[in-house]
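Enquirer: I would like to see how this sequence folds:
(2 chains)
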Amino acid sequence: MIALWSNLHPALQMLLKGLAVILVIFPIAGASSLAERKVSAWIQGRPGPNRAIPIWFAWVPVIGPMLQKLGVFHLMSDGVKMLFKEDALPGHVNKPYFILAPILAMIPAFTTVTVVPFGAYLDAAGRTIPLMLANVDVGILAVFAVGSLGVYSLIIAGWASNSKYPFLGGVRASAQLISYELSMTLSVLPVFLWVNAPGTAGSLSLARVVEFQSQPGFWGGTWFIFLMPVSAFVFLVSLYAETNRQPFDMAECDADLVGGFHTEYGAFKWSLFFVAEYSHMVVGSAVFTLLFLGGWNPLPWVPLSDVAVWLHLADAPILLGLLSIAIFLGKVLCSIFVFMWVRWTIPRFRYDQVMKLGWQRLLPLAIANLIVYALIIAWLQPKN
Amino acid sequence: MVDKLFIILSVVTLVSAALVVVNKNAVNAAMFFMLSLVGTAGLFVLLNAYLLAFVLILVYAGAVVSLFLFIIMLLDTRPEAQKSFKKMTVAASLLGGLLLFTGVLSLMTHFVPATAGAKGHVLPPVGASLKGYAEQLFTTYLLPVQVVGFLLLIAMLGVIVLSKRFENKEAAS
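Expert: Alright, predicted model coming up:
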């Protein structure tokens, strides 16, 4: 098995690895849409989708009704409906760009995953080796750079639709995404200032941040959410804005813009936007988990290597790798739940409030936060 | 492999850069500008300057071009008949082209490329690591960075002066 794997061409290996990661993210994105309905139902005190069931599943004694209550079949029938619906192309649109927009929505969502580590195992020498597709030095910068290309799908979709509401949605989306990108980048800087001690070769790798949070001792094992709560808060709020989630759904605004940038879209093209939004949520939650929630370390002050010793898994890299991936995914799912919790709790902002919050509240807060931490780090570092 | 990639990327960069100028539809031009930037970033990756590549994507493709698109959409420019150039514009572009040609010509005739490994002297990859890049920026190239920053500040002030309507003054006069 392993010999067969290592005999493959390196390019083919990378391709298979990439496919494996996408095969995990795609179902999570799909399941999130079901979870969204259920969570919104629980928050609003109603049962949520619980009717659809194929006839042969109704005969299965316990599992059938349980899956029916969970609404799993609604998700499946939704997917089938999207696939088989007529893919109408309105006559007044700019066709090449209209078709390009949903594709542009998917590409950044799946490309950012390449630099996001999702687990770790211990090698023979006892070092923690992160599991990721490409361990590049520029880590977080690559996530931001590729993620920022996601705005094009919204702008292009709004413009190519060639009608008023999508156009307004596209204009709002471009303004919103650019405004919040600033605070997001600034909120992350203190973390990397803290991680890269002076004198070492600097690195922006996300795996390095997790490594830093799994050191022994009180300060070594502290997750950054405790060390830098303001950074975490600003990052999370900007993340909600960047993923176009309510309360920042200026690109869509069902209330005043019909459907915003995707008003003219239907069937599978529409569902591509939908999946892209949830994939952005998954990747954003993953980055938040890595930066502020200790990545694959199960608890604060309890690094993965300690768990490996307790469970005698240090010699079983595959089992330990699976365990770390499970821990990491668990945290990501919790973070996605918070996304939904916020969406169904906080009333949505008006457009001017979104702009005011971004430029007059979050940006000054992020800059002040950066200066304070830069001063603290300069004060803490050993004098010579 | 690297040579082939270099040729592909430079062709993409140059062709899309030419299309930016030629295209009459402003949105098409902006999209080709982005494509050209992505090609340039690819060239940086071939030089092992990952940092520069991603910064280029982040700043230009991520922010600048999307702001361009934002403005284009706000103004809603329609493709229109080309206006004839002013005499001054023609003279300036001719002079610019001539200067560029002279520069390239002198570079081709006088420049001797430092053969890597011949004297053991290789240019340090400044754009490769974050630390090396930052160190060069704050030591060797401190003055150019400050000057460029000052120029950008002047440009910003100019835009504010040009775009702001001074209503009180107009009312007074």
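
Enquirer: and residue 73, what does it touch?
Expert: By default, I'm working from chain A. A:52-54, A:57, A:67 (C-beta atoms under 8 Å, 6 or more residues apart in numbering or on different chains). The way it works is simple: take the backbone N, C-alpha and C, and place the C-beta from them, glycine included.

Enquirer: switch to chain B, please.
Expert: So B:M73 contacts A:155, A:158-159, A:167, A:170-171, A:174, B:27 (C-beta under 8 Å, 6+ apart).

Enquirer: surely A:L193 and A:V372 touch.
Expert: No: with contact defined as C-beta atoms under 8 Å, A:L193 does not count as touching A:V372 (11.1 Å).

Enquirer: looking at these two, which has the bigger crowd around it?
Expert: A:L193 (17 against 13; other C-beta atoms under 10 Å in any protein chain shown).

Enquirer: please report phi then psi for the more buried one.
Expert: Main-chain dihedrals, A:L193, degrees, to the nearest 10: phi -60, psi -40.

Enquirer: ditto for A:D256
Expert: phi -120, psi -10.

Enquirer: how many neighbours does it have?
Expert: 12.

Enquirer: that one and chain B: what is the separation?
Expert: From A:D256 over to chain B the distance is 19 Å, taken as C-beta to the nearest C-beta, to the nearest Å.

Enquirer: is A:M250 in a helix, a strand, or coil?
Expert: Here A:M250 is coil, with the state taken from DSSP: H, G, I helix; E, B strand; the rest coil.

Enquirer: tell me where the model's unsure across the stretch 201-350 of chain A.
Expert: A:201-202, A:314 (pLDDT under 70).

Enquirer: my bad, should have said the stretch 1-150 of chain A
Expert: A:1-2, A:124-126.

Enquirer: just to revisit the earlier point, a markdown table for the contacts of B:M73, including secondary structure, neighbour count and distance to A:L206?
Expert: What follows is these, written out as a markdown table (DSSP: H, G, I helix; E, B strand; the rest coil; neighbours: other C-beta atoms under 10 Å in any protein chain shown; distance: C-beta to C-beta, whole Å):
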| residue | secondary structure | neighbour count | distance to A:L206 |
| --- | --- | --- | --- |
| A:I155 | helix | 29 | 28 |
| A:G158 | helix | 30 | 32 |
| A:W159 | helix | 24 | 34 |
| A:F167 | helix | 23 | 37 |
| A:G170 | helix | 27 | 31 |
| A:V171 | helix | 21 | 33 |
| A:S174 | helix | 25 | 27 |
| B:V27 | helix | 20 | 35 |
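
Enquirer: now, which of those sits nearest A:G221?
Expert: A:S174 (41.4 Å; C-beta to C-beta).

Enquirer: doesn't A:A157 make contact with the closest one?
Expert: No: the pair A:S174 / A:A157 is not scored as a contact, 11.2 Å apart, by C-beta under 8 Å.

Enquirer: need the contact list for the residue of chain B found nearest chain A.
Expert: Residue nearest to chain A within chain B: B:G62 (3.0 Å; C-beta to the nearest C-beta). With contacts taken as C-beta under 8 Å, 6+ apart, B:G62 has the following neighbours: A:144-145, A:148-149, A:151, A:181.
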